[in-house]
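> Make a model of this:
(chains A, B, C and D, ligands or ions: 6)
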Amino acid sequence: MSTSMDPDSVGGDFADGGVLTTDFFVAWFDDIAKQVRLQRERLTALDAAIGDADHGTNLDRGFTEVGKALTDSPPTSPGQALLSAGTTLIRRVGGASGPLYGSAFRAMGKAVEEPVTLAGFAAAFDAGVVAVEQLGKAVPGDKTMVDALVPASRTLALAVRDGVGVREAFELTARAAEEGARATIPLRARKGRASYLGERSIGHEDPGAASSALIVASLATVAAVGS
Amino acid sequence: MSTSMDPDSVGGDFADGGVLTTDFFVAWFDDIAKQVRLQRERLTALDAAIGDADHGTNLDRGFTEVGKALTDSPPTSPGQALLSAGTTLIRRVGGASGPLYGSAFRAMGKAVEEPVTLAGFAAAFDAGVVAVEQLGKAVPGDKTMVDALVPASRTLALAVRDGVGVREAFELTARAAEEGARATIPLRARKGRASYLGERSIGHEDPGAASSALIVASLATVAAVGS
Amino acid sequence: MKKLINSAESMVDDALAGMAAAHPSLLVRDRVVYRASGPRAGKVGLVSGGGSGHEPLHAGFVGYGMLDAACPGEIFTSPVPDQIINATEAVDGGAGVLHIVKNYTGDVLNFEMAAELCDDVQVAGVLVNDDVAVQDSLYTAGRRGTGATLFVEKIAGALAEEGAPLREVAGMAAEVNERSRSFGIALTSCTTPAAGKPTFDLPDTQVELGIGIHGEPGRTRAPLASARELAEVAMDAIHGELPLEGDLLVMLNGMGGTPLIELYVAFAEVSAFIHGKGARVTRSLVGNYVTSLDMQGFSVTICRLDDTLTRLWDAPVETPGLRWGR
Amino acid sequence: MKKLINSAESMVDDALAGMAAAHPSLLVRDRVVYRASGPRAGKVGLVSGGGSGHEPLHAGFVGYGMLDAACPGEIFTSPVPDQIINATEAVDGGAGVLHIVKNYTGDVLNFEMAAELCDDVQVAGVLVNDDVAVQDSLYTAGRRGTGATLFVEKIAGALAEEGAPLREVAGMAAEVNERSRSFGIALTSCTTPAAGKPTFDLPDTQVELGIGIHGEPGRTRAPLASARELAEVAMDAIHGELPLEGDLLVMLNGMGGTPLIELYVAFAEVSAFIHGKGARVTRSLVGNYVTSLDMQGFSVTICRLDDTLTRLWDAPVETPGLRWGR
Ligand SMILES: Nc1ncnc2c1ncn2[C@@H]1O[C@H](COP(=O)(O)OP(=O)(O)O)[C@@H](O)[C@H]1O
Ligand SMILES: Nc1ncnc2c1ncn2[C@@H]1O[C@H](COP(=O)(O)OP(=O)(O)O)[C@@H](O)[C@H]1O
Ligand SMILES: [Mg+2]
Ligand SMILES: [Mg+2]
Ligand SMILES: [Mg+2]
Ligand SMILES: [Mg+2]
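Numbering: from 1, shown residues only, chains lettered A, B, ... in the order given. Ligands and ions are numbered 1, 2, ... in the order given. Predicted coordinates:
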């Protein structure tokens, strides 16, 4: 990863002059669906340890439906893509993760303005994270997806401030999310199903934090592929 | 086993001058209870293979109760001992084996006349076997206790005809019952629960035939101990 | 073995204590479960019984519109004559008593012995033998009694409640049995508490076809298949003996360890099969009614209804295991 | 994994098809189960829902005297807002609709989203949180909703049937919840069809104490013990939060894979415990009502009755899972 990369050359297929196109968002959801399918068993196993063994199934169902929705009614703007994905998740997933991720993408979709610069995306992303925090009333350290999303958003904002290019910014963000997810392992859950386990929730990675890391990782993957 | 043994010397504690005393019958039921307890798991396992996995438990419960009944109201005659045992089995066992064995002992008790000579016992034993055949409507070859009891009774009758002593007669009888039980292995059941299995009953020893062999073996054991 | 019990030996008595505590409408005395209200003068009494481990059968069907008394034996072991004699004498309201007996050697022998000894009561009996997995031939003890027992108890019970005489009640019981057939499939063995381990070993990829209700292995093994395919096996077997036509009462019965959601999945297939034959499911039951301890699996029992049977099925019933109309 | 299903994906829809086929009193449309008779003008509508796998909860409690509609989600996954919105709008008879929601993050979020979007219907909600295994503190998502859900649905349903206004029905629902506490113990894990293997591994010698109804492991493990000892663990936990006194409604609930005979064994112990505290079991339920797929184990739910609650509990109910008085 070089820090001197030209933003303009990043995400070439999707990003036009450092701008994230509708195609970029569609590709993002494509990749999330692919990764969720690949990691379905892992996410479900994480949920089996401290939850009810359905997180992988839930997200697989949800992002498959997102893919269908985006194919059936191709979005004409990034905002539309995000809104459509969010609505689909809310309508199709159920459970805790459905409304949380659904609201996140909907909040992003509402916040985003065209053309989507990296700074604009970072602000929208943060709006999504805030939506999760407000809906779930979880704070960092509660051992939820918030533990992956908040550091991701913070890292992305810093990258924007530092003028880092899209690809590298997303790579840093993905790493922050991944670290946030792993950092949930020693925590004792205070929100969601895992909180019922008390002490016994310690020592396991939170499934929602893991899926958040996956979703953010897809950002980086798609940006990299597009270059 | 010598064929020239003096009947008078056999079963000394119980048999008086070749005659089977009330004590002999009490000892018989004692030994049956002991053997059933020891072989409970084996009988239940045989029943698990082609029945409902309760034959050992049924007989253990039954002969334990027989022991209690004979202790609580000590019989004053062989006939009383047999009747009491039979009634207890009918009242306490349930299942197929309860009425069958119960009726057998009751029929023996009714048929037996004092003093109980070997010939008298053989006739009473046969009355018991006939009671089983009549109640259960099974014939030899149906893969039931009848397959052990009928050859046992026949062997005992022949031993009486040949003037064989008590101990040896019972040993021969026990062997015949044991062989009859083993001979049920290749049979296909036509009576009782095992018949539901059709072909699949082949290759397993019938639990009731096995317990009949055990009951007859106790005759020989008690006669031998008593000498 | 993992069971919610105090001991294998006390299991039946402990459960009966629980039934007595849960259901003030029942009276439990000397291993017999009675209606607490006692016999009704002029009403034919209904007595059934059999091994325990099939709950709610039979004790759960004691009450208005069904049994007057149930005689629970040890696990999978028929009751003893004393229980049956006591029950028969206690429930006689002067109109006689019907013994409802599932066709198993042990049940038959013990009920026969009891009936013979009930000198002061007019006793009639009906033998339930609905299980088509067993050929009724010289080479078997005859078809087993399984799910149809519930139908017989319900419909004969309703007729008795109407005041019909013993001969009619017994005739109706026999008719229900004649019109009913069952077939069962096990996904897992049960574990009797006394044995402490599964009665049979069944690989994860296989099922037992044509099981009874005592954890006996079935007639054959087959690969584990979809609910649709398994339902078809059961329905083909039943249809072969009892052509499916007209109005049918259908019970999709769980063997004790199968959750309700799976029973509904199977019922959808059974119902579709029946419609495919041009017959109608006009009454149904889905649940764990005639069980084999913790066995996973199901059985289907079909009864061909007519107007009288439908009316008697619909008649009020008030028992722990089956209740409607009051 | 051995399940009586066609596929993990179709399981919920297949089971709903079975429910529709079995119960002409129900109407199943777009993953919502309604009373076939439709809304009654002036009656408060009751809507509940949650993940599937808890049958008969909730769909089995749709009918006269209980729910107007149930929204079944995927296995152990709360329903989505669309289902809840559709159900709420369809059952409104002009008197408003009560949402009965078990306290799980997913259920709460989805019902909240739905309630917000039901512009034309007056919606009230009750959160059921009866499970004493979870401390209701800042450090948890709060107590879980388990067995008391059935009590809330029954008693609030009876009050709604009497024509009480939404405010009163919601108040009664909250009161029943407040008066009720539960505790559950698992002997085995359940297996979700999608995961295909047991959610947790539990050695043959251990039990999970303080489980929920989604196959979540409990708070702690303990050695397998007698029904008496396990019942004591559950009852001590409940008694610690809801002192046992006066008239009690007691549910001895099976987790789906435990046969009825074992539940009665446990009920005898629970009943003895209660009498030991000087309280009375005046109403009871023993059976598999609020389940976790094929999990073996049980839960106890206790509700402190008063005359009004007793009257409403006794009021007629006619649903697939609970029926009396009609
Ligand atoms: N209150 C909350 N705030 C934020 N995230 C939450 C909250 N509750 C649960 N989550 C997240 O949801 C994840 C579980 O999602 P999922 O398994 O799909 O839903 P459910 O718990 O309903 O089965 C948890 O791992 C956690 O990250
Ligand atoms: N009709 C019959 N005639 C003779 N013996 C029979 C008959 N039916 C069953 N049996 C015997 O009974 C045995 C089973 O006894 P048991 O297991 O105690 O009773 P159940 O079959 O009722 O569980 C069989 O192994 C068989 O030997
Ligand atoms: Mg989950
Ligand atoms: Mg047996
Ligand atoms: Mg038996
Ligand atoms: Mg879930």
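
> how about the closest residue to C:Ala160 other than its chain neighbours, what does it touch?
Distance criterion C-beta to C-beta, 6 or more residues apart in numbering or on different chains; nearest residue to C:Ala160, sequence neighbours excluded, is C:Val44 at 4.3 Å. From N, CA and C alone the C-beta is placed, and that goes for glycine too. By C-beta atoms under 8 Å, 6 or more residues apart in numbering or on different chains, the residues touching C:Val44 are C:Gly93, C:Ala95, C:Gly96, C:Val97, C:Leu98, C:Ala160, C:Ala164, C:Pro165, C:Leu166, C:Val169.

> between the residues you listed, which is closest to D:Met1?
Nearest to D:Met1, judged by C-beta to C-beta, of those is C:Leu98 at 44.1 Å.

> How is the closest one assigned, secondary-structure-wise?
Under DSSP: H, G, I helix; E, B strand; the rest coil, the three-state class of C:Leu98 is strand.

> Can you give me the neighbour number for it?
Neighbours of C:Leu98 under the rule other C-beta atoms under 10 Å in any protein chain shown: 32.

> Around ligand 2, which positions in chain C sit nearby?
Chain C comes close to ligand 2 at residues C:Thr77, C:Ser78, C:Thr105, C:Gly106, as judged by C-beta under 6 Å from any ligand atom.

> Which element, helix or strand, includes A:Phe25?
Using DSSP states H and E, A:Phe25 sits within helix A:22-50.

> Next one, pLDDT for the residue of chain C most remote from its centre please.
Ranked by distance from the centre of chain C (C-alpha atoms, centre = their mean), the top residue is C:Thr205, with 28.7 Å. C:Thr205 carries a pLDDT score of 96 in this model.

> Low-confidence bits of the chain, can you list those?
Unless you meant another one, I'm taking chain A. Counting by pLDDT under 70, the low-confidence segments of chain A come to A:1-17, A:226-227.

> that answer is for a different chain, and I need it for chain C
For chain C, the stretches flagged by pLDDT under 70 are C:138.

> now the helices: where do they sit in it?
C:11-22, C:81-91, C:105-117, C:148-161, C:166-178, C:227-241, C:260-276, C:307-314 (DSSP state H).

> buried residues in the fifth one?
What that stands for is helix C:166-178. Within helix C:166-178, the residues that count as buried by 16 or more other C-beta atoms under 10 Å in any protein chain shown are C:Leu166, C:Val169, C:Ala170, C:Gly171, C:Met172, C:Ala173, C:Ala174, C:Glu175, C:Val176, C:Asn177.

> what's next to it, contact-wise?
Contacts of helix C:166-178 from elsewhere in the structure, counted by C-beta under 8 Å, 6+ apart, are C:44, C:46, C:95-98, C:100, C:122, C:124-130, C:148, C:151-152, C:155-156, C:159-160, C:164, C:303, C:309, C:312.

> residues touching C:Ile75, list them.
Per C-beta under 8 Å, 6+ apart, neighbours of C:Ile75: B:Asp54, C:Met11, C:Val12, C:Gly51, C:Ser52, C:Gly53, C:Thr192, C:Pro193, C:Ala194, C:Leu293.

> dump the residue contacts of the fourth one.
Spelled out, that is C:Gly51. When contacts are taken as C-beta under 8 Å, 6+ apart, C:Gly51 is in contact with B:52, B:94-95, C:72-79, C:106, C:214.

> residue contacts, whichever residue of the stretch 151-300 of chain C sits closest to ligand 4?
Of all residues in the stretch 151-300 of chain C, C:His214 sits closest to ligand 4, at 7.6 Å by C-beta to the ion. Residues near C:His214 by C-beta under 8 Å, 6+ apart: B:Gly51, B:Asp52, B:Arg193, C:Gly51, C:Gly53, C:Phe76, C:Tyr104, C:Ser292.

> Could you identify which of those has the most neighbours?
Of the contacts of C:His214, with other C-beta under 10 Å as the count, C:Phe76 tops at 34 neighbours.

> unless I'm mixing things up, it is touching B:Asp54, no?
Yes: assessed by C-beta atoms under 8 Å, C:Phe76 is found in contact with B:Asp54 at 5.3 Å.

> Identify the contacts common to the two.
C:Thr192.

> Not including adjacent chain positions, what is the nearest residue to A:Ala107?
Spatially, and ignoring its direct neighbours in sequence, A:Ala107 is nearest to A:Ala131 (3.6 Å; C-beta to C-beta, 6+ apart).

> who touches C:Gly254 in this structure?
Contacts of C:Gly254 by C-beta under 8 Å, 6+ apart are C:Leu260, C:Glu262, C:Leu263, C:Gly287, C:Asn288, C:Tyr289, C:Thr291, C:Gly297, C:Phe298.

> Looking at the residues you listed, spot the one nearest B:Glu114.
Among the contacts of C:Gly254, C:Thr291 lies closest to B:Glu114 (C-beta to C-beta), at 50.6 Å.

> for the residue in chain C positioned nearest to chain A, what are its contacts?
Taking C-beta to the nearest C-beta as the measure, the point where chain C comes nearest chain A is C:Ile261, at 15.0 Å. By C-beta under 8 Å, 6+ apart, C:Ile261 lies in contact with D:Met11, D:Val12, D:Ala15, D:Ser52, D:Gly53, D:Glu55, D:Leu293.

> For these, give me a markdown table that also has distance to chain C.
Shown next, in a markdown table, are those (distance: C-beta to the nearest C-beta, whole Å):
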| residue | distance to chain C |
| --- | --- |
| D:Met11 | 6 |
| D:Val12 | 8 |
| D:Ala15 | 4 |
| D:Ser52 | 6 |
| D:Gly53 | 6 |
| D:Glu55 | 4 |
| D:Leu293 | 5 |
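
> on that earlier part again, neighbours of the nearest residue to the residue farthest from the centre of chain C once chain neighbours are set aside, how many?
Nearest in space to C:Thr205, with sequence neighbours left out and distances taken as C-beta to C-beta, 6+ apart, is C:Leu224 at 5.3 Å. Per other C-beta under 10 Å, the neighbour tally for C:Leu224 reads 18.

> Also the one 5 residues further on?
Burial measure for C:Glu229: 13 neighbouring residues, criterion other C-beta under 10 Å.

> same deal with A:Ser73?
Neighbour count of A:Ser73, defined by other C-beta under 10 Å: 10.

> From A:Ala85, how far out is it?
Going from A:Ser73 to A:Ala85 by C-beta to C-beta, to the nearest Å gives 12 Å.

> try A:Leu20
Using C-beta to C-beta, A:Leu20 is found at 14 Å from A:Ala85.

> So those two - more neighbours on which side?
More neighbours surround A:Ala85 than the other of A:Leu20 and A:Ala85, with 30 against 27 (other C-beta under 10 Å).

> Report the contact partners of the more buried one.
Counting by C-beta under 8 Å, 6+ apart, A:Ala85 touches A:Phe25, A:Phe29, A:Val66, A:Ala69, A:Leu70, A:Phe105, A:Gly109.

> wait, is A:Pro74 part of a strand?
No: the assignment for A:Pro74 by three-state DSSP gives coil, which leaves it out of any strand.

> From B:Phe105, how far out is it?
Taken as C-beta to C-beta, the span from A:Pro74 to B:Phe105 is 88 Å.
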